[in-house]
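Asker: sequence and predicted model, in that order:
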Amino acid sequence: MDSTLIFDSVTFTYPGEDAPSEPVFTDLSCDLPGGLTFLVGPNGIGKTTFMLLAGGRLFPQSGRVTLLGHDTLQFIDASADPVLEGERNRLAAFIYQNMEFETEEPLGAVLDAVGASATDPAHSAGRLSEILAVTQLEEHLSQRMQELSKGEMQRAILAMSLLYGSPVVFMDEPLFAVEPLQAEMLLEYIRDDCRRRKVAVYASVHDVTLARSCGDEAVLFFQDGRIQSGPASHLLKRETLEQAFKAPWDTLYERQQLYRRMLREV
């Protein structure tokens, strides 16, 4: 399978006020294909930073990140250049955790606006009914964004990303407030959509069981700074997960359930 995302000897450190902090990544190299890839690992290990670097929202101090053949450094001025920012968004969309929308428009109008600005508006318009069905949002189109529950908002954001049609989408905990069976259905649809359209989705998740059953690929982050990538069904096994998290499986499972409940209460 062809490479979609390449990290080549990447080192990244968040700047400190008085002195630089410890590096998040040091000389990190990896080569990832398209499809649905889950990022799994302990809290604070660098999964979000990895996606921000991959999507051209952060930039390494050394090394190179290449996304679909584009050196992400070409987007280093995107925050000050609307044209460049538009090019970056068309290449790679980003779903942040706990996203909110400052608008009085109802969901239906927001989805229409996203579809009209999509990378391929005609194709997006043809997919709207299918996307509404899989996200189960048909009954919420007249509601304002602020009236949606957390789970409904997450499904709405997923619908927007699918409609917009970027060839790469990064998702930071995209389904923490969605019921497990509904989350599984959505992820299976996203996986099949990736395969059908030859696109890529990279998502950080805490539910490793869901990642193992729905993902094409996985990236596992270890507490010593290593990462390991491979097919999700093979990589996300009990022994390897216990090594990455430095915790027995039973403790790890209880920790995941507690974290999920905490996120839903935020």
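Answerer: Alright, I've got the coordinates.
Asker: okay, now the unreliable bits of the chain?
Answerer: Applying pLDDT under 70 to the chain flags the ranges 1, 17-20, 252-266.
Asker: give me the residues contacting stretch 120-132.
Answerer: 111, 114-115, 118, 138, 141, 159, 162-165 (C-beta atoms under 8 Å, 6 or more residues apart in numbering). Where you see a C-beta, it was placed from the backbone N, CA and C, and this is true even at glycine.
Asker: now do stretch 61-75: distance to the chain's middle.
Answerer: Here stretch 61-75 is found 18 Å from its chain centre; the criterion is C-alpha atoms, centre = their mean, to the nearest Å.
Asker: still on that earlier bit, can you list the contacts of stretch 120-132 in a markdown table and add secondary structure?
Answerer: Converted to a markdown table, the contacts of stretch 120-132 look like this (DSSP: H, G, I helix; E, B strand; the rest coil):
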| residue | secondary structure |
| --- | --- |
| L111 | helix |
| V114 | helix |
| G115 | helix |
| A118 | coil |
| E138 | helix |
| L141 | coil |
| A159 | helix |
| L162 | helix |
| L163 | helix |
| Y164 | helix |
| G165 | coil |
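Asker: of these - the most surrounded one?
Answerer: When neighbours are counted by other C-beta atoms under 10 Å, L162 leads the contacts of stretch 120-132 with 26 neighbours.
Asker: my read: that one touches D192, true?
Answerer: No: counting by C-beta atoms under 8 Å, L162 sits too far from D192 to count as a contact (11.8 Å).
Asker: that older thread, nearest to F176 among the contacts of stretch 120-132?
Answerer: Distance to F176 across the contacts of stretch 120-132 (C-beta to C-beta) is lowest for A159, with 16.9 Å.
Asker: got a list of what that closest one touches?
Answerer: With C-beta under 8 Å, 6+ apart, A159 has these contacts: 111, 131-132, 135, 137.
Asker: please apply the same query to A92.
Answerer: With the criterion set at C-beta under 8 Å, 6+ apart, A92 makes contact with 54-56, 67, 166-170.
Asker: dump these to a markdown table, plus neighbour count and distance to K237.
Answerer: Shown next, in a markdown table, are the contacts of A92 (neighbours: other C-beta atoms under 10 Å; distance: C-beta to C-beta, whole Å):
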| residue | neighbour count | distance to K237 |
| --- | --- | --- |
| A54 | 27 | 25 |
| G55 | 24 | 29 |
| G56 | 25 | 33 |
| L67 | 24 | 29 |
| S166 | 21 | 32 |
| P167 | 17 | 30 |
| V168 | 20 | 27 |
| V169 | 24 | 27 |
| F170 | 27 | 25 |
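Asker: a markdown table please, covering these and showing distance to P106.
Answerer: What follows is the contacts of A92, written out as a markdown table (distance: C-beta to C-beta, whole Å):
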| residue | distance to P106 |
| --- | --- |
| A54 | 33 |
| G55 | 29 |
| G56 | 32 |
| L67 | 34 |
| S166 | 24 |
| P167 | 29 |
| V168 | 29 |
| V169 | 24 |
| F170 | 27 |
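Asker: among those residues, which are in helices?
Answerer: A54 (DSSP state H).
Asker: of the contacts of A92, which is the nearest to Y96?
Answerer: Nearest to Y96, judged by C-beta to C-beta, of the contacts of A92 is F170 at 9.1 Å.
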